[in-house]
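# Sharing a sequence plus its predicted fold:
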Amino acid sequence: GNSVTQMEGPVTLSEEAFLTINCTYTATGYPSLFWYVQYPGEGLQLLLKATKADDKGSNKGFEATYRKETTSFHLEKGSVQVSDSAVYFCALKERGNTGKLIFGQGTTLQVKP
Amino acid sequence: DSGVTQTPKHLITATGQRVTLRCSPRSGDLSVYWYQQSLDQGLQFLIQYYNGEERAKGNILERFSAQQFPDLHSELNLSSLELGDSALYFCASSAGAPSSYNEQFFGPGTRLTVL
């Protein structure tokens, strides 16, 4: 079945460091890909998305490119802030008549001042 | 604020009991999804409704059931609760048909603790 694999955390960075969180997926067909962020005590918020190969999603300085050849959707940010500390989830949505999301296990990011 | 509301925020109950979790989707959203977040299983899709009809089922136990009402709010019923059912339960909603690429907006979740 379809699945998403993320790099294990926690990831600890200093403020202004470069961030990469790896995400790879297994899916039949051409899924849509998403990154969600969960701040402590809150629900998930969509960070960015890409719906087809080579699409680049971007938001709040975060970027991810849909790479079909490597089945990857790595999240990057050039300069992280303390306020970026959260849990990040990579997810895919299968094509078809359901909209269910399949999530990776989540990666905790801690940014220190 | 996503516009999706869930009640209650916290729920503490005993094994063997039954509880009902409630979700109100964003205004106008026809699709409702339920997810379970636990330490050992991560975030897992449970069930999906579209305009009152069940559209997809995931890893939902037979002890669990859900429905979506004519006013589009949804309820997730959990019965014969076990310790392992302790988790955060999220509801999400989206506009349009399930096959679209519309974003899912998540509620703040209901934290269920089974003692």
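Received it, and whenever you're ready, just let me know what you need.
# Spatially central residue for chain B, please.
B:W34 (3.1 Å; Cα atoms, centre = their mean).
# Bridge partners for that one, pull those for me.
B:W34 forms beta bridges with B:I47, B:C91, as assigned by DSSP bridges.
# So it is in contact with B:I47, correct?
Yes - the criterion here is Cβ atoms under 8 Å, and B:W34 meets it with B:I47 at 5.2 Å. In this view, the C-beta of every residue, glycine as well, is placed from N, C-alpha and C.
# what do the two both touch?
B:60, B:66, B:76 (Cβ atoms under 8 Å, 6 or more residues apart in numbering or on different chains).
# buried stuff in the helix or strand where the second one lies?
The reference is to B:A66. Using DSSP states H and E, B:A66 sits in strand B:64-68. Using 16 or more other Cβ atoms under 10 Å in any protein chain shown as the test for burial, strand B:64-68 gives B:64, B:66, B:68.
# Reformat those residues as TSV; add distance to B:F105 and pLDDT.
Shown next, in TSV, are the buried residues of strand B:64-68 (distance: Cβ to Cβ, whole Å; pLDDT from 0 to 100):
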residue	distance to B:F105	pLDDT
B:F64	22	97
B:A66	18	97
B:Q68	16	97
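# could I get those as a markdown table with distance to chain A?
Below are the buried residues of strand B:64-68 laid out as a markdown table (distance: Cβ to the nearest Cβ, whole Å):
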| residue | distance to chain A |
| --- | --- |
| B:F64 | 16 |
| B:A66 | 14 |
| B:Q68 | 14 |
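# Any chance of CSV for the residues you listed, columns distance to A:T71?
As requested, the buried residues of strand B:64-68 are exported to CSV (distance: Cβ to Cβ, whole Å):
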residue, distance to A:T71
B:F64, 32
B:A66, 32
B:Q68, 34
